[in-house]
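Asker: quick one, structure for this:
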Amino acid sequence: MKIEGSITTMHPRAGCVAKALAPDNLSSMETRAEGDLVMTIITGTQVRSVIASVDDYLMNLAIAEDACSVTPQTGEDRPSCAGPKINSR
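Answerer: Next up is the predicted model:
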């Protein structure tokens, strides 16, 4: 039996989220960004393994969302944890 399902989520930085998910994708997963959507297709032959893959994916998705919400987009200044800059003469 072949099982296939898809998960589609909206993100302001979908490209960042999809790239952050890519290293954790199994061979049975395909993730891509289109506009503000991240789409993932998960396939398998056993219900338990597909459920486990979906569970892992959702945890990774939450982490990717968090990472992309604090990572600056290309061209943005990086956030600084060092406090205010002091100009010295």
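
Asker: isn't residue 20 right next to residue 67, touching?
Answerer: Yes - with contacts defined as Cβ atoms under 8 Å, residue 20 counts as touching residue 67 at a distance of 5.5 Å. All C-beta atoms are positioned from the backbone trio N, CA, C, and that covers glycine.

Asker: for those two, indicate the residue with more neighbours.
Answerer: The neighbour comparison of residue 20 against residue 67 (other Cβ atoms under 10 Å) goes to residue 20, with 21 against 13.

Asker: contacting residues around that one?
Answerer: 63-64, 67-68 (Cβ atoms under 8 Å, 6 or more residues apart in numbering).

Asker: what are the phi and psi values for it?
Answerer: Dihedral pair for residue 20: phi -70, psi -30, per degrees, to the nearest 10.

Asker: list the buried ones in the helix or strand where residue 59 lies?
Answerer: Following DSSP states H and E, one finds residue 59 within helix 47-70. By neighbour count on 16 or more other Cβ atoms under 10 Å, the buried set for helix 47-70 is 50, 53-54, 57, 60-61, 64-65, 68.

Asker: show me what that helix is packed up against.
Answerer: Judged by 3 or more Cβ pairs under 8 Å, 6 or more residues apart in numbering; DSSP states H and E, the packing partners of helix 47-70 are strand 3-10, helix 14-21, strand 37-44.

Asker: mind checking which of the ones you listed is nearest residue 27?
Answerer: Closest to residue 27 of these, according to Cβ to Cβ: strand 37-44, at 9.5 Å.

Asker: tell me the angle of the closest one relative to strand 3-10?
Answerer: Here strand 37-44 runs at an angle of 160 degrees relative to strand 3-10 (axes from the mean of the first three to the mean of the last three Cα atoms, to 10 degrees).

Asker: tell me what strand 37-44 is packed against?
Answerer: In terms of contacts (3+ Cβ pairs under 8 Å, 6+ apart), strand 37-44 is packed against strand 3-10, helix 14-21, strand 29-34, helix 47-70.

Asker: how about a cut-off of 6 Å?
Answerer: Contacts defined by 3 or more Cβ pairs under 6 Å, 6 or more residues apart in numbering; DSSP states H and E place strand 37-44 against strand 3-10, helix 14-21, strand 29-34.
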